[in-house]
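**Student:** any chance you can model this:
(one chain, ligands or ions: 1)
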Amino acid sequence: MLQTIAGFDRIGEENAFAVLARATALAEEGRDIINLGIGQPDFKTPDHIVEAAIKALRDGHHGYTPATGIAPLREAVSADLLKRHGVETDPANVLIVPGGKVTMFIAILMFGEPGVDILYPDPGFPIYRSMIEFTGARPVPVPIREENDFAFSAEETLELITDKTRLLILNSPANPTGGVTPRAEIEKLVAGLQHHPNVAILSDEIYSQMTYDGMEHVSLLSFEAIRDRLILLDGWSKTYAMTGWRMGFALWPDSLIDKARKLGVNAWSCVNAPAQFGALAALTGPQDAVHEMLREFDARRRVTVNGLNALDGVTCRTPLGAFYAFPNISNTGWKSKDLASALLEETGVALIGGPDFGTLGEGYIRLSYANSTENIERALDRMRKFL
Ligand code: PLP
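**Tutor:** Prediction:
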């Protein structure tokens with residue numbers, strides 16, 4: 001028997017990929033599947049980004065790059081952070097990584113070990129908990145509540161911090177709920193965190209450019225008081241419809257950037273060179289496509305929420321960010337995962353049961369409205385008939 005470390009008995013995964021695999025298998029059998037399961041834009045990566053990556057290959061950019069990413073890209077990230085969050089940063093603190101997920105992987109490995117606590121949102125992106133468990137640290141869920149419009153509560157978060165807490169993971173706008181935490185709550189949290197100077201903060205802002213109804217995205221980066229312990233996670237996947245390119249970036253504090261870089265050197269050496277040139281074009285080129293996508297998501301969000309609220313036993317708050325709706329289905333009489341699976345098998349609508357995002361996800365399902373309005377309407381119609 002080969003003996004691997006105990007972490008592999010605890011590591012989890014993302015059920016969204018299992019649902020995608022099942023949906024694909026059913027589609028291959030000839031079923032008409034509408035996929036509201038996977039969290040990726042259904043748009044094409046804008047042409048100028050694709051062209052920049054092709055040109056990079058033709059120009060001979062096919063070798064290793066610096067481990068932290070090509071200098072112009074790190075400078076463009078700094079310029080982007082200044083433009084969007086009004087904060088001056090040093091490109092030397094930017095680490096280009098193969099996807100947004102990689103930053104949470106590094107951060108959790110950096111702080112997790114048996115005997116310490118890591119706080120993470122529940123319901124939340126499943127990889128947080130999975131990686132915390134892998135390291136042997138204790139995962140401490142921070143409840144994300146519907147009655148709070150799925151924003152996190154500063155008070156509840158601060159109450160959970162103890163001497164054992166090493167890392168606090170925050171996510172706004174949020175997956176799976178679409179919740180966006182308002183400025184006042186974030187200010188309250190930052191004020192409270194000043195009493196806990198040894199807690200590092202990982203702020204997952206991968207949906208930072210996706211808010212609606214005039215809701216502002218408040219970056220944790222805009223708070224000077226915590227900058228020396230803030231890891232900012234962002235990337236290209238969602239904003240520029242680049243999920244398959246595997247391009248992410250993070251801003252690390254001075255004390256951690258070199259540790260993160262070394263882990264990268266050990267694992268992937270550097271990120272795919274032409275993809276970095278594509279990412280550079282994304283940040284420095286026209287942003288029209290981003291705005292156009294957002295307008296389209298906004299329209300679909302309304303169709304989704306209205307349609308869900310018209311279903312028997314279903315209520316849905318209006319999400320203010322990302323591209324997910326997280327309706328409450330507890331009055332349908334179904335358990336969440338059973339409903340998700342029955343909807344896929346019997347109606348061909350793929351979506352995800354709330355418990356795949358944490359224990360507090362029971363009673364909810366997640367729909368990604370990154371699909372055409374026509375498909376969303378067809379899916380809602382099938383759900384209406386089924387329920
Ligand atoms: N963080 C959150 C909250 C996400 O929802 C996702 C993707 O679904 C990621 C990070 C990972 O993004 P990427 O595909 O760039 O690794």
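
**Student:** hey, let's count contacts and neighbours off CA atoms from now on
**Tutor:** OK.

**Student:** near the ligand, which residues of this protein?
**Tutor:** Taking Cα under 6 Å from any ligand atom as the criterion, the chain approaches the ligand at residues 39, 99-101, 125, 174-175, 204, 206, 235, 237, 243, 248.

**Student:** just the strands in this structure please.
**Tutor:** Read by DSSP state E, the chain holds these strands, from start to end of the chain: 34-35, 94-97, 117-122, 138-143, 165-171, 200-204, 230-235, 248-251, 324-325, 349-350, 352-353, 365-368.

**Student:** show me what the second one is packed up against.
**Tutor:** Taking 3 or more Cα pairs under 8 Å, 6 or more residues apart in numbering; DSSP states H and E as contact, the helices and strands that strand 94-97 lies on are helix 71-85, strand 248-251, helix 254-267.

**Student:** so how many other residues sit close to G39?
**Tutor:** 22 (other Cα atoms under 10 Å).

**Student:** for it, which non-adjacent residue is closest in space?
**Tutor:** In space, not counting the residues next to it along the chain, G39 is nearest to S368; the distance is 5.9 Å by Cα to Cα, 6 or more residues apart in numbering.

**Student:** if I look at the one you found, how far off is G30?
**Tutor:** Taken as Cα to Cα, to the nearest Å, the spacing of S368 relative to G30 amounts to 23 Å.

**Student:** looking at these two, which is more packed in?
**Tutor:** More neighbours surround S368 than the other of S368 and G30, with 27 against 9 (other Cα under 10 Å).

**Student:** please name the bridge partners of that one.
**Tutor:** Per DSSP bridges, the residues bridged to S368 are Y324.

**Student:** wait, P66 touches C270, no?
**Tutor:** Yes. Here P66 lies in contact with C270, judged by Cα atoms under 8 Å, at a distance of 6.4 Å.

**Student:** of those two, who's got more company?
**Tutor:** Counting neighbours by other Cα under 10 Å for P66 and for C270 shows that C270 has the greater number, 23 against 14.

**Student:** which residue is the nearest non-sequential neighbour of the more buried one?
**Tutor:** Once chain neighbours are set aside, the closest to C270 by Cα to Cα, 6+ apart is A67, at 4.4 Å.

**Student:** model confidence score at the one you found, please.
**Tutor:** For A67, the model assigns a pLDDT of 97.

**Student:** next: the one 10 residues further on.
**Tutor:** V77 is assigned a pLDDT of 98 by the prediction.

**Student:** what about the residue of the stretch 251-387 of the chain found nearest the ligand, neighbour count?
**Tutor:** Scanning the stretch 251-387 of the chain for proximity to the ligand using Cα to the nearest ligand atom identifies A322 as nearest, at 8.5 Å. Applying other Cα under 10 Å, we find 32 residues neighbouring A322.

**Student:** against E155, how distant is it?
**Tutor:** When Cα to Cα is the yardstick, A322 and E155 sit 24 Å from each other.

**Student:** try T304
**Tutor:** T304 is 32 Å from E155, where distance means Cα to Cα.

**Student:** again with R22
**Tutor:** Per Cα to Cα, R22 is found 40 Å from E155.

**Student:** ok, now D163?
**Tutor:** 17 Å.

**Student:** what does G60 give?
**Tutor:** Separation of G60 from E155 (Cα to Cα) stands at 53 Å.

**Student:** okay, now the domains of the protein?
**Tutor:** The record assigns the chain these domain ranges, following automatic domain parsing: 7-44+288-386, 63-284.

**Student:** need the longest helix for this protein.
**Tutor:** When the chain is scanned for its longest helix (criterion: DSSP state H), the result is helix 288-309.

**Student:** contact partners for the closest residue to I352 other than its chain neighbours?
**Tutor:** The shortest distance from I352 to any residue that is not its chain neighbour, by Cα to Cα, 6+ apart, is 5.1 Å, and that residue is R366. Taking Cα atoms under 8 Å, 6 or more residues apart in numbering as the contact definition, R366 lies against 37, 176-177, 324-327, 351-354.

**Student:** E296 too?
**Tutor:** By Cα under 8 Å, 6+ apart, no residues touch E296.

**Student:** ok, now how distant is it from K44?
**Tutor:** E296 is 13 Å from K44, where distance means Cα to Cα.

**Student:** same deal with R300?
**Tutor:** When Cα to Cα is applied, the distance between R300 and K44 equals 17 Å.

**Student:** of these two, which one has the most company?
**Tutor:** R300 (21 against 11).

**Student:** and the more buried one, what pLDDT?
**Tutor:** R300 is assigned a predicted lDDT (pLDDT) of 97.

**Student:** again with the one 10 residues further on
**Tutor:** Per-residue pLDDT puts A310 at 97.

**Student:** distance check, L308 against I144.
**Tutor:** Distance from L308 to I144, counting by Cα to Cα: 21 Å.

**Student:** oh sorry, the question was meant for N272
**Tutor:** The gap separating N272 from I144 is 36 Å, by Cα to Cα.

**Student:** same deal with F386?
**Tutor:** Separation of F386 from I144 (Cα to Cα): 29 Å.

**Student:** quick one on the thing from earlier: neighbour count: T304 and E155, which is higher?
**Tutor:** Summary of the neighbour comparison: T304 and E155, criterion other Cα under 10 Å, with T304 having more neighbours (24 against 12).

**Student:** show the contacting residues for the closest residue in space to L343 that isn't next to it in sequence.
**Tutor:** Excluding its sequence neighbours, the residue lying closest to L343 (Cα to Cα, 6+ apart) is V349, at 5.6 Å. Neighbouring residues of V349 by Cα under 8 Å, 6+ apart: 33-36, 343, 379, 382-383.

**Student:** all set now, cheers.
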